[in-house]
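Engineer: the following block contains a protein sequence and its predicted model.
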Amino acid sequence: MDIKILLVDDESDFVETMAKRFGIRKMPIDTARSGQEALELLAAQDYDVVILDVRMPGMDGLETLREIREKNPLTEVIMLTGHASLEAGMQGMNLGAYDYILKPADFDELLDKVRTAFERKELNAKSRKQGG
Amino acid sequence: MPSPASREAEPGTNAPGILARATGARVWRDHSLLLWAHFLVPPVLAALVVAAALASPELAGILAGAVLAIAAVSARSLLTRLSKAEEAGLALNNQLIQSQKLAAIGELSAGLAHEINNPIAIIAQEAEWAAHLVGEAGQRTGEAFDEVKDSLREIRAQVDRCKNITHKLLDFARKREPVLQEIDVARLIDDMARLVDKEASYKNVTLVRTLPPDLPKLRTDAPLLRQVVLNLMTNALHAVDTGGRIEASARADGEVLEIAIRDNGCGIPPENIDKIFNPFFTTKPPGQGTGLGLSMCHNLVDGMKGQICVESAVGRGATFTVRLPRNPEQNLADGGRT
Ligand SMILES: Nc1ncnc2c1ncn2[C@@H]1O[C@H](COP(=O)(O)OP(=O)(O)O)[C@@H](O)[C@H]1O
Ligand SMILES: [Mg+2]
């Protein structure tokens, strides 16, 4: 099953290595360097899972998260946080993020979370269809 | 009135048990034999006494004493049973009332937040525009406008604060239909605890995990449960002093999975214990607490067909316990509470 993933982070090095690592697993991903760019991509097409850095210059991660939850309620968001920021984590979870992962992200752990987030998205989409 | 929490029935009773005892009908059916005994044994014995009185007054006296004792014990045990059932009913009722109250408040606050959002947006825009104008003028007139600029900045800061509150209100009121996934609760708790660890270490607080390795999987909504666990842990961290201790534990109890967050912090005074699940109830200074955490937890746990309760003694700490059915769908089929 193909999972449509969008990685949002202003740190270019990180984005590139992650894209490569997903690529090796035959899971191509899209990337964005800012919240604004992410929202534009999300407006143009559907993503299953967004991996979102909470600390970005400009429109910050939490603001982006809020917008995503509003406009693309089915899309699941996994937050990336640089250091274990409790405040950001709390706000993110309360805003409806699926989960969070600490940077530097353990790739297998991230992959696992992406898969379960995707599973939830599919279940959610199915139940919404049935509910009307 | 006692809180649903402090009145929670003794540990080990599962939800159907509480329900059974709370609803008269089932109590009577299950215990009808006992009830017959309670009602019939004393009069039968009394009849015996009367019969004995005809034979020998002494024997009758002894018998009468014994009968009195039996009747007293019988009445006492019946009374205990009844008050237990009543107590369980009260706990259930309180949880229900709390849920209805939260639903009503949620609706009201969502409406309010919507209404207030528009004027707030206009104020923000106007302040922005004014700041822009003053900025241009400022280049010509120098410091004369500094104070105006300051107050405009303050207006924007306060508008942001209002926006924050209305957003939180809308989040609070948003209906979340749980999406059930098979989840590893131990891992979920540990994940959330890792978010708290760092902040805890600044305060020299230890966050202990007591998670049995053979914990069964739970079918529930993962992000909602994360939210609950994280909110409870954060509250615990706020409540403890430097050097304090928080324990996050989970255990299986029949068809229920129980998660407990225990701390040895300031505790909750009895006069507050009924209020802590109310939205906007907070004892924290403005800006630090919104008072929405626990009411949100209550909402979420309700949605997951579970129960949340608290036990606390001032100065000794607090324990928040969340009990979730391991298989909520099955619970529904059993005719559990919807
Ligand atoms: N673990 C705890 N120990 C002591 N008091 C607590 C604890 N958890 C919650 N409380 C009390 O309940 C109140 C409401 O909590 P909550 O709804 O999370 O809102 P907030 O944290 O924003 O104040 C807190 O202000 C505090 O007085
Ligand atoms: Mg709180």
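Structural biologist: All right, it came through fine. Ligands and ions are numbered 1, 2, ... in the order given.

Engineer: surely B:Thr321 is within a strand?
Structural biologist: Yes: secondary structure assignment (DSSP: H, G, I helix; E, B strand; the rest coil) places B:Thr321 inside a strand.

Engineer: got a pLDDT number for the residue lying closest to it once chain neighbours are set aside?
Structural biologist: Ranked by CB to CB, 6 or more residues apart in numbering or on different chains and with sequence neighbours excluded, the top spatial neighbour of B:Thr321 is B:Ala260, at 4.7 Å. Heads up, the C-betas are built off the backbone N, CA and C, glycines and all. With respect to pLDDT, B:Ala260 scores 98.

Engineer: what about B:Ala260, which SS state?
Structural biologist: Reduced to three states by three-state DSSP, B:Ala260 is strand.

Engineer: same question, A:Ile78
Structural biologist: Per three-state DSSP, A:Ile78 ends up strand.

Engineer: also B:Lys284?
Structural biologist: With three-state DSSP as the basis, the three-state label of B:Lys284 is coil.

Engineer: contact partners for the closest residue to B:Thr319 other than its chain neighbours?
Structural biologist: The shortest distance from B:Thr319 to any non-neighbouring residue, by CB to CB, 6+ apart, is to B:Arg262 (4.2 Å). The neighbours of B:Arg262, taking CB atoms under 8 Å, 6 or more residues apart in numbering or on different chains as the test, are B:236, B:246-249, B:317-320.

Engineer: any idea which element the residue of chain A found nearest ligand 1 lies in?
Structural biologist: Closest residue of chain A to ligand 1, CB to the nearest ligand atom: A:Met90 (10.0 Å). Here A:Met90, judged by DSSP states H and E, is contained in helix A:86-94.

Engineer: identify the residues contacting the helix or strand following that helix?
Structural biologist: Downstream of helix A:86-94, the next assigned helix or strand under DSSP H and E is strand A:99-102. When contacts are taken as CB under 8 Å, 6+ apart, the neighbours of strand A:99-102 outside the stretch itself are A:51, A:78-81, A:83-84, A:89, A:92-93, A:109-110, A:113, A:116-117, B:191, B:194-195, B:222-223, B:226.

Engineer: who does strand A:99-102 pair up with?
Structural biologist: Sheet pairing of strand A:99-102 (DSSP bridges) gives strand A:76-81 (parallel).

Engineer: chain center to the partner strand: distance?
Structural biologist: Distance of strand A:76-81 from its chain centroid, counting by CA atoms, centre = their mean, to the nearest Å, is 5 Å.

Engineer: between that strand and helix A:86-94, how many degrees?
Structural biologist: Angle of strand A:76-81 versus helix A:86-94, following axes from the mean of the first three to the mean of the last three CA atoms, to 10 degrees, is 180 degrees.

Engineer: quick one: contacts of strand A:76-81?
Structural biologist: For strand A:76-81, the external contacting residues (CB under 8 Å, 6+ apart) are A:9, A:48-55, A:61, A:65, A:68-69, A:88-89, A:92, A:96-103, A:105, A:110, A:113-114, A:117-118, A:120-121.

Engineer: now for the one helix or strand in chain A whose mean pLDDT sits lowest, which elements pack on it?
Structural biologist: Of all the helices and strands that make up chain A, the one with the lowest confidence by mean pLDDT, DSSP states H and E is helix A:86-94; it has a mean of 88. Other elements packing on helix A:86-94 under the criterion 3 or more CB pairs under 8 Å, 6 or more residues apart in numbering or on different chains; DSSP states H and E are helix A:61-71, strand A:76-81, strand A:99-102, helix B:185-202, helix B:222-239.

Engineer: reformat these as a markdown table; add mean pLDDT.
Structural biologist: Listed next are the helices and strands packed on helix A:86-94 as a markdown table, based on pLDDT from 0 to 100:
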| stretch | mean pLDDT |
| --- | --- |
| helix A:61-71 | 91 |
| strand A:76-81 | 94 |
| strand A:99-102 | 92 |
| helix B:185-202 | 94 |
| helix B:222-239 | 97 |
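
Engineer: let me have the ones you listed in TSV, adding distance to ligand 2 as columns.
Structural biologist: What follows is the helices and strands packed on helix A:86-94, written out as TSV (distance: least, CB to the ion, whole Å):
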stretch	distance to ligand 2
helix A:61-71	17
strand A:76-81	19
strand A:99-102	18
helix B:185-202	13
helix B:222-239	4
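
Engineer: could these go into TSV alongside distance to B:Ser295?
Structural biologist: Below are the helices and strands packed on helix A:86-94 laid out as TSV (distance: least, CB to CB, whole Å):
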stretch	distance to B:Ser295
helix A:61-71	20
strand A:76-81	24
strand A:99-102	23
helix B:185-202	19
helix B:222-239	10
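
Engineer: of all those, which lies closest to B:Gly254?
Structural biologist: Checking these against B:Gly254 by CB to CB gives helix B:185-202 as the closest, at 15.4 Å.

Engineer: quick one: is the helix or strand following the closest one near chain A?
Structural biologist: On the C-terminal side of helix B:185-202, the nearest following helix or strand under DSSP H and E is strand B:206-210. No: Strand B:206-210 lies out of reach of chain A by CB under 8 Å from any CB of the partner chain, never closer than 11.2 Å.

Engineer: return the list of strands paired to strand B:206-210, each annotated with direction.
Structural biologist: Under the criterion DSSP bridges, the sheet neighbours of strand B:206-210 are strand B:245-253 (parallel).
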